[in-house]
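[1] 3D model of this:
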Amino acid sequence: MKKTNIVLIGFMGAGKSTVGRKLAGAFDMKFLDADALIEKKYKMKISAIFAEQGEEAFRKAETDLCRQLLKHEKGFVLATGGGMPLRKENAELLKQIGKVVFLYTKPDEILRRVKNDTSRPLLSGPDREEKVNALFEERLPKYLEAADYVLETEGKSFYAMIVEIQKNCMK
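    Okay, the predicted model is just below:
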């Protein structure tokens, strides 16, 4: 069966939501943001879910969302949260949902993009650079394992990324 969905994975700040919206618009597909869907279902921000229920509860919510999306109509672009593909079960579900594209963005660029963002629970407190580097190193093998295609984002326009995704993932 031909995959008609695109799933974007990558570290926080890699551009999953922005690229996802532009990709969906370019190909007249529906755009879905996993974090926004979870916030809507739980009627609270991701940071509040982390604070009140803990990271494990949030990761379970991500798994539940993956299962739900398997039943969703085809023809969408999904921007995942940065940690969604870390659970083996989620990575397997994401591959069933669609073609998984890892937006590879280097840690120094991620730090530049998220430097003023206070909404990311895993980066709260001091030593953001240390946290980003440690998380990136820990997550990179899992992202690579979960991906059907790796797209290096550095120095590429949105147009170039969309063309590359179309060429390599939307056959």
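[2] For the rest of this, base every contact and every neighbour count on C-alpha atoms.
    Fine.
[3] show me the contacts for the residue nearest to E152 when sequence neighbours are not counted.
    Nearest residue to E152 in three dimensions, chain neighbours excluded: Y104, at 4.8 Å (C-alpha to C-alpha, 6 or more residues apart in numbering). With contacts defined as C-alpha atoms under 8 Å, 6 or more residues apart in numbering, Y104 is in contact with G10, F11, A14, V150, L151, E152, T153.
[4] Recalculate using a threshold of 7 Å.
    With contacts taken as C-alpha atoms under 7 Å, 6 or more residues apart in numbering, Y104 has the following neighbours: G10, A14, V150, L151, E152, T153.
[5] Take these and lay them out in TSV including secondary structure.
    Output for the contacts of Y104, formatted as TSV (DSSP: H, G, I helix; E, B strand; the rest coil):
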residue	secondary structure
G10	coil
A14	coil
V150	strand
L151	strand
E152	strand
T153	coil
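[6] Farthest-apart pair in these, please.
    Considering C-alpha to C-alpha, no two members of the contacts of Y104 lie farther apart than A14 and V150, which are separated by 12.3 Å.
[7] which residues are common contacts for the two?
    By C-alpha under 7 Å, 6+ apart, the residues touching both A14 and V150 are L103, Y104.
[8] Pick out whichever of those two has more residues nearby.
    Taking other C-alpha atoms under 10 Å, A14 and V150 do not tie; A14 has more neighbours (25 against 19).
[9] of all the contacts of Y104, which comes closest to I49?
    Scanning the contacts of Y104 for proximity to I49, where the rule is C-alpha to C-alpha, the winner is G10, at 20.9 Å.
[10] returning to that earlier point: considering the contacts of Y104, which member attains the minimum pLDDT?
    Comparing pLDDT over the contacts of Y104 singles out A14 as the least confident position, at 91.
[11] ok, now how distant is that one from L23?
    According to C-alpha to C-alpha, to the nearest Å, A14 stands 15 Å off from L23.
[12] Find the residue at the geometric middle of the protein.
    In the chain, the C-alpha closest to the average C-alpha coordinate belongs to T80, at a distance of 2.9 Å (C-alpha atoms, centre = their mean).
[13] ok, that residue - contacts?
    By C-alpha under 7 Å, 6+ apart, the neighbours of T80 are L8, I9, D33, A34, D35.
[14] make it 10 Å
    7-12, 16-17, 20, 32-36, 62, 66, 94 (C-alpha atoms under 10 Å, 6 or more residues apart in numbering).
[15] M84 now?
    Taking C-alpha under 10 Å, 6+ apart, we find M84 in contact with 9-11, 34-35, 58-63, 66, 90-91, 94, 143.
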